[in-house]
Each structure stands twice: as structure tokens, then as C-alpha cells.
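Peer 1: Below is the sequence, then the predicted model.
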Amino acid sequence: MKRSKLYIFDIDGTIITSEHKILASTLKGMALIKEHDGKIMLASARPPRAIDPICDGLGLKPFYISLNGALIIENGKIIWEQSMERKIVQQVIDLAQKIGVSVNVYAGQDWFIRETNFWSTQEGNVVGYYGEIKDLTTVAHAHKLLLIGEVDQVIRLQHMLKEKVPQVLAARSFPNYLEVVAAGVSKARALEKVCDLINVSLDNVVAFGDGENDLPMLQVAGFSVAMGNAHENVKRHADFVSLSNNEDGILLGIKETLGQGGV
């Protein structure tokens, strides 16, 4: 493989454990990359405020892809973005409310909800903070909409959006989580933009992930590592399959890269 310059890691299911912890072996892996002058960044569906603490825990400066590729953040500032316009946002919200799912609107650093409910509270418990109550009809634009409900509701809504709102991409990250971004938004596209900004070839990128939404990012990277807990389709397309996120999968994947001549 070519000498790597950038390592990019998904967060949930990859860089943190199923209990939302960072393993000591993962910190060792980060140190190995730094010793070889490699750059490190994260990529996640999470909003910025839920990624900053992960950066702190890893000893990294805030530099990451957020909201499934709709934002690129560096040191608390948006350096690139792709949002959905008001008309589209309101169309998606209307359909979601008719179905009866929880609507979570992410715009820049903000997270808005119409009301506190079981689903929004559950999400807040995971990411470490809670949405701000707001009249969602006043939302002018959004980078991502997270629609949460019962599995049958979410599947029905996904089909409706595909048919009625082709300007968005609606994909399930969990069986009952529907992530909605502007059509064309992805971690892969954001990674391409990052490489342009920091003048690094995609051939010199190593990408780690576990979910199907990580697959395009892994496919454009020069070398890809699937976690042991990854979706089978991700494993099939990866250059290396490591241990799980609850084991020493990050460290093993980094050592594998080093062993093949990468940073």
C-alpha cells in the first residue's frame, strides 16, 4: 500500500465500544499514528456537540465529518457544509409528523425538537445532551433530520420519502432510526472534500468503519478496515477485517496498516 497520511474513523460501533467507552488499546493506536506523523480525524452521523467529547477522550484536536457528511468541522468552525433548504425540510417534517415519529432537526451546532419524548430522551442519553424545544415550522434549513419511531413506522416513512421527496437521501442507521440528508451527502463525499482541503490523496487514506453508511467512505479510501462487528457487506469489501469495537480492533487495524508500510 502507499504511505498513508490520513486515518479516518467512524465513531459508533468503531472507535467506541457498545458501552460508549474508549479502550486503552485504542489510545495506544492513536499514539502509534501520531508517532509516525499521521493525521487523524473522525466521521459520524453524530452532531458536533456529541463528537467534541470523543475528540477530547482521544486526545485529538476537533477535526471531523459530522451529520453523515453534511458538515466538516475544524476547531469548532464549519469549514464545509451541505444543507437542505426550508421547503424540503418542512416537507420531510410534515410527512414524519403524519406518521407519528419523533422529529429531530440538526442545523449547524443546534439540535431542535418539537417536544421532549421517549425517543428524543433516549438519543440524548446516548450523545450526552438534549435537544432544544422549538417550533419546527420556523426551521429555515437543516443539515440532517433524524426520525425515530417504531420499525414499521420508519420503514413506511422511508418509502414515502423515496417516492415524494427525491431531493433527500433517507437511510436507516438502526432499525428504528431514519437519517435524512440532502441527496448526494455522504461520508465519502465529505472525505473527498477533506482531502482537497488538506492536500492529501485518497490513495493515502486509511478508513475504519462498521456500518453500511461507512461503506462508500471505505471504498474511496486507499486502504479500508472493517471492524469485527461490521455488517457482512462491509466486511466483504474491506481490505482487512479486524477484531470488534469491544476488543482491540482499532489497534489491530492500525498495526496491520503499519505492517503493510503505511503510516
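Peer 2: Yes, it's here.
Peer 1: contacts, neighbours, all on C-alpha from now
Peer 2: OK.
Peer 1: okay but residue 244 is in contact with residue 231, surely?
Peer 2: No: here residue 244 lies out of contact with residue 231, judged by C-alpha atoms under 8 Å, at a distance of 11.3 Å.
Peer 1: quick one: which of the two has more around it?
Peer 2: Higher neighbour count among residue 244 and residue 231: residue 244, with 21 against 16, using other C-alpha atoms under 10 Å.
Peer 1: can I assume that one sits in a helix?
Peer 2: No: counting by DSSP: H, G, I helix; E, B strand; the rest coil, residue 244 falls outside a helix, being coil.
Peer 1: got a pLDDT number for the nearest residue to it once chain neighbours are set aside?
Peer 2: Ranked by C-alpha to C-alpha, 6 or more residues apart in numbering and with sequence neighbours excluded, the top spatial neighbour of residue 244 is residue 228, at 4.0 Å. Per-residue confidence (pLDDT) for residue 228: 97.
Peer 1: would residue 189 count as being in a strand?
Peer 2: No: looking at residue 189 with three-state DSSP, it is helix, so not inside a strand.
Peer 1: nearest residue to it other than its sequence neighbours?
Peer 2: Closest to residue 189 by C-alpha to C-alpha, 6+ apart is residue 69, at 7.0 Å.
Peer 1: Contacts only, for the one you found.
Peer 2: Counting by C-alpha atoms under 8 Å, 6 or more residues apart in numbering, residue 69 touches 43, 44, 45, 185, 186, 187, 188, 189, 190.
Peer 1: Kindly indicate which of those lies nearest residue 172.
Peer 2: residue 45 (11.2 Å; C-alpha to C-alpha).
Peer 1: give me phi/psi at that closest one?
Peer 2: Per-residue torsions, residue 45: phi -80, psi -10 (degrees, to the nearest 10).
Peer 1: ok, back up a step: what's the burial count for the residue nearest to residue 244?
Peer 2: For residue 228, the count of nearby residues is 23 (other C-alpha under 10 Å).
Peer 1: and it, which of the three is it?
Peer 2: Of the three states, residue 228 takes coil according to three-state DSSP.
Peer 1: correct me, but it touches residue 243?
Peer 2: Yes: counting by C-alpha under 8 Å, residue 228 does reach residue 243; the two are 4.4 Å apart.
Peer 1: Can you pull the residues that touch both of those two?
Peer 2: Jointly contacting residue 228 and residue 243 under the rule C-alpha under 8 Å, 6+ apart are residue 249.
Peer 1: Tell me how far residue 62 lies from residue 43.
Peer 2: Distance check for residue 62 against residue 43: by C-alpha to C-alpha, to the nearest Å, it reads 11 Å.
Peer 1: who has more neighbours, those two?
Peer 2: Using other C-alpha under 10 Å, the more surrounded residue of residue 62 and residue 43 is residue 43, with 29 against 21.
Peer 1: who does the more buried one bridge with?
Peer 2: residue 10, residue 65 (DSSP bridges).
Peer 1: Surely it touches residue 9?
Peer 2: Yes: applying C-alpha under 8 Å, one finds residue 43 in contact with residue 9, separated by 5.9 Å.
Peer 1: right, and residue 102 touches residue 147 too?
Peer 2: Yes: between residue 102 and residue 147 there is a contact under C-alpha under 8 Å: 5.5 Å.
Peer 1: Please say which of these two ends up with more neighbours.
Peer 2: More crowded of residue 102 and residue 147, by other C-alpha under 10 Å: residue 147, with 28 against 22.
Peer 1: for the more buried one, which residues make a bridge with it?
Peer 2: Beta-bridge partners recorded for residue 147 (DSSP bridges): residue 103, residue 178.
Peer 1: Show me the shaky parts of the stretch 151-263 of the chain.
Peer 2: For the stretch 151-263 of the chain, the stretches with pLDDT under 70 are 261-263.
Peer 1: For it, just list every one of the strands.
Peer 2: With DSSP state E, counting those that start in this stretch as the criterion, the stretch 151-263 of the chain has strands at 168-174, 177-182, 205-209, 223-226, 240-241.
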